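Visitor: Structure for the following, please:
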Amino acid sequence: MAAPAPAVELAIEGMTCASCANRIERKLNRMPGVSATVNYATETATVSLPDGTAVDDAIATVEQAGYGAHRPEPEQPDVDALAPLRRRLVVSTVLAVPVVALSMVPAFQFPWWQWVALVLAAPVATWGAWPFHRAAALNARHGTATMDTLVSLGIVAAGLWSVWALVFGGAGGPDMHMTFAFTAPRGAAPEPYLEVAAAVTVFLLAGRYAEGRAKTRSSAALRALLALGASTARVLRDGREVEVPAASLRVGDRFVVRPGERIATDGTVVDGTSAVDTSVMTGESVPVEVGPGTAVTGATVNVGGLLTVEAVRVGADTELARIGKLVTEAQTGKADVQRLADRVSGVFVPVVLGLAALTLVGWLVLTGDVEAALTAAVATLVIACPCALGLATPTALLVGTGRGSQLGILIRGPQVLEATRRIDTVLLDKTGTVTTGTMRVTDVLPAEGEDADAVLRAAAAAESGSEHPIARALVAAVPDAARPESFASSAGLGVQAVVDGVLVLVGRPAWLTDEWSVPMPGSLAVAVTDAEQAGRTTVAVAWDGRVRGLVVVADTVAPGAAEAVRRLQELGLDTMLLTGDAAGVAHRVAAEVGISRATAGVRPEDKYRVVTELQAAGRTVAMVGDGVNDAAALAAADLGIAMGTGTDAAVEAADITLVRADLRAAVDAVRLSRRTLHTIRTNLFWAFAYNVAAIPLAMAGLMNPVIAGAAMALSSVFVLTNSLRLRRFRSVDGSAR
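Guide: From the prediction side, this is the model:
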């Protein structure tokens, strides 16, 4: 099978509307073997190039379409990209305000006022509106029309009509007066529309500036996240510390991390113990204890002792870089609703131009009133500009995925949004997803006359020389346990150790009775049976020829898992537990978190089979897992959700990655995705409704072009502010993180 074409990202210059993005995308996709997606909101193109096609070829194609393109350069945080637009907006506003006031307030209209208005309006309609005129000219040169064409034609028509009215139409006299009306005023003498040319320009510039601000704000969280990485690292070279740029680290390099410093890249601790603040990656406020063999993540902070770390992943392979890549891919992709908007905008401009021409001709034929005909045609051009339509989806995606990255939710692509809306069943892996994946002591059952604390301490001391998961659970329960004087283990059965001069046996109850002939008291034998039926593991503790008690260990339910299951069910989703453990363990965990259906003893292929069988039965399935054994099921599910603490195979197979090791983040992922999709649909509804309702009014001459321009700009502002509301989305635990 042929390898997929490599994808490159291009920064696009000169796009001013969604139609521009649609046109560039069509041009690129006509290149043999090229697959391209152009995003108006991020001003980027993601282009997959086949062998033999260079990046320069794609750039040339974009330039042939009348736009600019280049490989993205590192962002300069001190550069204000909106400064030129802001300057153009401020100057145009200062000049346009007196023009509008003079034109609409008769008390301000002194003799020859209209000529003063012309002097003030001319720079606005030319220099201020130059971005629209330039884009329209470029498009005209290539035989196409975009939304800028509508804007430019409207401003030019209003300006030229005004000059004609002043010079040739009798509107240039000293006694000429005008009054404001919501509908276009018509009288015996033609009136200039200088306020239309000036005000429409200001409204559109304001809308474009607000759009630029929204883009900047919505991506601020991602930029802040990517800036968290350490800039330098102290690498060990020939026994000495050498400070080097973090970007120069290679796999296998060993570097030192002092208290208070950020870990330079993903790696494994080889020397030292400490606590690491992982809140930047997981949102958890409690530092994590680390020691030799513990995996650590770049950009997290060492808050304890001195650590020596061996680099495992560097550069683009690190967790931080992967987060940035996933968020960027999600923001630059396209959901089905966006593809609908692209198709509409692709045909919308020619249709509007036709309607404006029809309006002009119709009014001239029916009334013979040139002023009324031109007014209605200009209003039609201005009101129809579907900027809001082009912004509806990408701005919501930018804000939603940016907010998700803050909450530790990485959405792989916008198509995931539709998947979250359709799912009705959630399959949950047990170990590492619903449970912590770590054995912990849950109970100590002393024999008659024995002390529970003494039993646990003896067990922990004896097991302190073992690396078995049960041994680690016992030692974790008594971190200050004594060290054994001697130690020996029987693989899979138990250990024997001398603690304070006494031989202590810790292991399976059957091992003690069969191998060491230590009798098990009847009450404890019943407890062993009960614990095993409940899916827990028991170890017996004996010394001086007697069983002194039992220690019960189990993989415990993760904090927040029960709440997460309840909230998933409140969202109307059926939940089901899958595990390779025994039935007793599966049913115990399911009961603890409130799941009524549990399937035990399943292998990786069985999880895949469960997913496909449910899909064949008409269910839309989401799978939540963290291990290699979940990868096939995650890929097969309609929506795959991987715990970010899991394996790379699981993460790569999933649609959503949860950086936080908290099942409640899965609830947040579903809620945020649904909220984002709802925002997109709301944006699209109002964008469509606005155009459908306003165009007939403009064609009928019932809308002043100034009001048309203001309404068009306000529709874009509505879409932007509605999308920015997603920044207030909060986690189910109430935190804003």
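Visitor: Residue 100: helix or strand, and which one exactly?
Guide: Element membership of residue 100 [criterion: DSSP states H and E] is helix 83-104.
Visitor: what's the average pLDDT for that helix?
Guide: Mean pLDDT, helix 83-104: 90.
Visitor: Equivalent analysis for stretch 358-368, please.
Guide: 89.
Visitor: Just the buried residues of it, please?
Guide: 359, 360, 363 (16 or more other CB atoms under 10 Å). (C-beta placed from N, C-alpha, C; glycine too.)
Visitor: could you dump these to a markdown table with secondary structure?
Guide: Conversion of those to a markdown table gives the following (DSSP: H, G, I helix; E, B strand; the rest coil):
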| residue | secondary structure |
| --- | --- |
| 359 | helix |
| 360 | helix |
| 363 | helix |
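Visitor: Let's have those in JSON lines, adding distance to residue 12.
Guide: Formatted as JSON lines, the buried residues of stretch 358-368 follow (distance: CB to CB, whole Å):
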{"residue": "359", "distance to residue 12": "33"}
{"residue": "360", "distance to residue 12": "34"}
{"residue": "363", "distance to residue 12": "39"}
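Visitor: can you give me the strands for the stretch 401-550 of the chain?
Guide: Here the stretch 401-550 of the chain has its strands, by DSSP state E, counting those that start in this stretch, at 409-411, 425-429, 435-446, 486-490, 494-499, 502-507, 537-543, 546-557.
Visitor: Redo the ones you listed as JSON lines? Include mean neighbour count, mean pLDDT and distance to residue 269.
Guide: What follows is those, written out as JSON lines (neighbours: other CB atoms under 10 Å; pLDDT from 0 to 100; distance: least, CB to CB, whole Å):
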{"stretch": "strand 409-411", "mean neighbour count": "27", "mean pLDDT": "81", "distance to residue 269": "25"}
{"stretch": "strand 425-429", "mean neighbour count": "25", "mean pLDDT": "93", "distance to residue 269": "27"}
{"stretch": "strand 435-446", "mean neighbour count": "18", "mean pLDDT": "86", "distance to residue 269": "18"}
{"stretch": "strand 486-490", "mean neighbour count": "14", "mean pLDDT": "84", "distance to residue 269": "25"}
{"stretch": "strand 494-499", "mean neighbour count": "22", "mean pLDDT": "90", "distance to residue 269": "26"}
{"stretch": "strand 502-507", "mean neighbour count": "21", "mean pLDDT": "93", "distance to residue 269": "28"}
{"stretch": "strand 537-543", "mean neighbour count": "24", "mean pLDDT": "92", "distance to residue 269": "29"}
{"stretch": "strand 546-557", "mean neighbour count": "22", "mean pLDDT": "89", "distance to residue 269": "24"}
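Visitor: Point out the one among the ones you listed that comes closest to residue 258.
Guide: Across these, residue 258 has its closest neighbour in strand 435-446 (28.9 Å, CB to CB).
Visitor: Which strands or helices does that closest one pack on?
Guide: On a contact count with 3 or more CB pairs under 8 Å, 6 or more residues apart in numbering; DSSP states H and E, strand 435-446 meets helix 452-463, helix 469-477, helix 522-533, strand 546-557.
Visitor: Check which residues of the third one are buried.
Guide: Buried positions in helix 522-533, judged by neighbour count with 16+ other CB under 10 Å: 524, 525, 527, 528, 531, 532.
Visitor: that older thread, need the contact partners of the helix holding residue 100.
Guide: Under the criterion CB atoms under 8 Å, 6 or more residues apart in numbering, residues 108-109, 113-114, 116-117, 120-121, 123-124, 127-128, 130-131, 178-180, 192, 194-195, 198-199, 201-202, 205-206, 208-209, 212, 706 lie in contact with helix 83-104.
Visitor: Any quick ChimeraX command for the buried ones out of those residues?
Guide: Of these, the buried ones can be selected in ChimeraX as follows, counting by 16+ other CB under 10 Å:
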select :109,113,114,117,120,121,123,124,128,131,178,192,194,195,198,199,201,202,205,206,208,209,212,706
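Visitor: if we can go back for a sec, identify the farthest-apart pair in the buried residues of helix 522-533.
Guide: Maximum distance among the buried residues of helix 522-533 (CB to CB): 12.7 Å, for 524 and 532.
Visitor: Would you check how far apart the spatially closest residue to residue 697 that is not a sequence neighbour and residue 352 are?
Guide: The shortest distance from residue 697 to any non-neighbouring residue, by CB to CB, 6 or more residues apart in numbering, is to residue 703 (4.9 Å). Using CB to CB, to the nearest Å, residue 703 is found at 14 Å from residue 352.
Visitor: what does residue 569 give?
Guide: Taken as CB to CB, the span from residue 569 to residue 352 is 48 Å.
Visitor: give me the number of residues near residue 476?
Guide: Residue 476 sits with 13 neighbouring residues when counted by other CB atoms under 10 Å.
Visitor: what residues are up against it?
Guide: Contacts of residue 476 by CB under 8 Å, 6+ apart are 440, 441.
Visitor: Check it and give its pLDDT.
Guide: pLDDT, residue 476: 90.
Visitor: repeat for residue 696
Guide: Note for residue 696: predicted pLDDT of 88.
Visitor: just the buried residues of stretch 358-368 now: which is nearest residue 379?
Guide: residue 359 (8.5 Å).
Visitor: isn't the closest one right up against residue 373?
Guide: Yes. Under the criterion of CB atoms under 8 Å, residue 359 is in contact with residue 373, at a separation of 7.4 Å.
Visitor: re earlier: lowest-confidence one in the buried residues of helix 522-533?
Guide: The lowest pLDDT within those belongs to residue 532, with 78.
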